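Engineer: Task: produce atomic coordinates for the following.
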Amino acid sequence: MIKTEFILSGEFQENCYIVYDDTSKKAIIIDPGQDGEKVIDKIEKLKLKPELLINTHGHFDHTFSDDIIREKYNIPLAIHKDDTEMLSDAGKNFSTIIGSPTIINDADIIFDKEETIETSFCKYSVIHTPGHSQGSICILINDVLFAGDTVFKNSIGRTDLYGGDYEELIKSLQKIKKLPPDTIICPGHGPFTTLKNELKNNMYFNQ
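Structural biologist: Numbering: from 1, shown residues only. Sure thing, here's the model as predicted:
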């Protein structure tokens, strides 16, 4: 059975997600955030075996612990090609605002198209949803959408940072609208929601 754990991380209360198979204990980590040790503690407690780390986009509150996790578990990091430069640029990844400029080593896997990829225990689909940043993606696993900062409950991600574009983000929502209404949305910040709720209550889906 595929299960999901989440960890609140850092001063921006970013949601890190760990998707894993309850039998094999193989796992994917999505956006480890600023509190890498908390993520590691959860992995160790559950006796998981991570095989992949994915960033939904390049902002530091989602990527800060990338290298800590990669070094601990010797796993590859994946990110969309349009956000690769943010990993190595503290201005573009916005870490300069906390007075701790952060540089992340280059990603090992670069997503350059929308595709479905098979791991040892599940398949995940990469959906390119630019707007919050140029390389923002959502990851769909079964009926769960890990939405990064593209969609929040009754809202959307900000578009005033590097690579942000409001009109592009509104267009990206059209891709999400095509998913089944019962799709569970796990955002990068804040509470979980469903597509059904967002279609009803999120004004940005109707622009």
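
Engineer: And for Pro181, nearest residue in space, chain neighbours not counted?
Structural biologist: Lys196 (4.1 Å; C-beta to C-beta, 6 or more residues apart in numbering). All C-beta spots, glycine's among them, are computed from the backbone N, C-alpha and C.

Engineer: what ranges of the protein fall below the confidence cut-off?
Structural biologist: Low-confidence segments of the chain (pLDDT under 70): none present.

Engineer: how about the helices of it, start to end?
Structural biologist: Here the chain has its helices, by DSSP state H, at 36-46, 60-63, 66-73, 84-87, 166-177, 195-201.

Engineer: For these, give me a markdown table that also has distance to Asn93.
Structural biologist: Shown next, in a markdown table, are the helices of the chain (distance: least, C-beta to C-beta, whole Å):
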| stretch | distance to Asn93 |
| --- | --- |
| helix 36-46 | 16 |
| helix 60-63 | 5 |
| helix 66-73 | 11 |
| helix 84-87 | 4 |
| helix 166-177 | 19 |
| helix 195-201 | 27 |
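
Engineer: can you give me how far stretch 154-164 is from the chain middle?
Structural biologist: 14 Å (C-alpha atoms, centre = their mean, to the nearest Å).

Engineer: Could you do stretch 141-151 as well?
Structural biologist: 8 Å.

Engineer: List the buried residues in it.
Structural biologist: Within stretch 141-151, the residues scored as buried using 16 or more other C-beta atoms under 10 Å are 141, 144-151.

Engineer: Just give the nearest non-adjacent residue to the residue nearest to the spatial centre of the chain, would you?
Structural biologist: For the chain, the residue sitting closest to the mean C-alpha position, by C-alpha atoms, centre = their mean, is Thr56 at 3.2 Å. Nearest residue to Thr56, sequence neighbours excluded (C-beta to C-beta, 6+ apart): Gly148, at 2.8 Å.

Engineer: so Ser172 makes contact with Gly131?
Structural biologist: Yes: taking contacts as C-beta atoms under 8 Å, Ser172 lies within contact range of Gly131: 5.0 Å.

Engineer: List the buried residues in stretch 196-206.
Structural biologist: 198, 202, 205.

Engineer: can you redo those residues as CSV with distance to Glu118?
Structural biologist: CSV is the format used below for these (distance: C-beta to C-beta, whole Å):
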residue, distance to Glu118
Glu198, 28
Asn202, 32
Phe205, 30
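
Engineer: still on that earlier bit, what's the overlap in contacts for Ser172 and Gly131?
Structural biologist: Common neighbours of Ser172 and Gly131, counting by C-beta atoms under 8 Å, 6 or more residues apart in numbering, are Thr150.

Engineer: count of residues packed around Leu87?
Structural biologist: 23 (other C-beta atoms under 10 Å).

Engineer: Identify, out of the helices of the chain, the most deeply packed stretch.
Structural biologist: helix 60-63 (a mean of 27; mean count of other C-beta atoms under 10 Å).

Engineer: now that helix: how far from the chain's centre is it?
Structural biologist: The answer for helix 60-63 is 9 Å, by C-alpha atoms, centre = their mean.

Engineer: likewise stretch 103-111?
Structural biologist: The answer for stretch 103-111 is 14 Å, by C-alpha atoms, centre = their mean.
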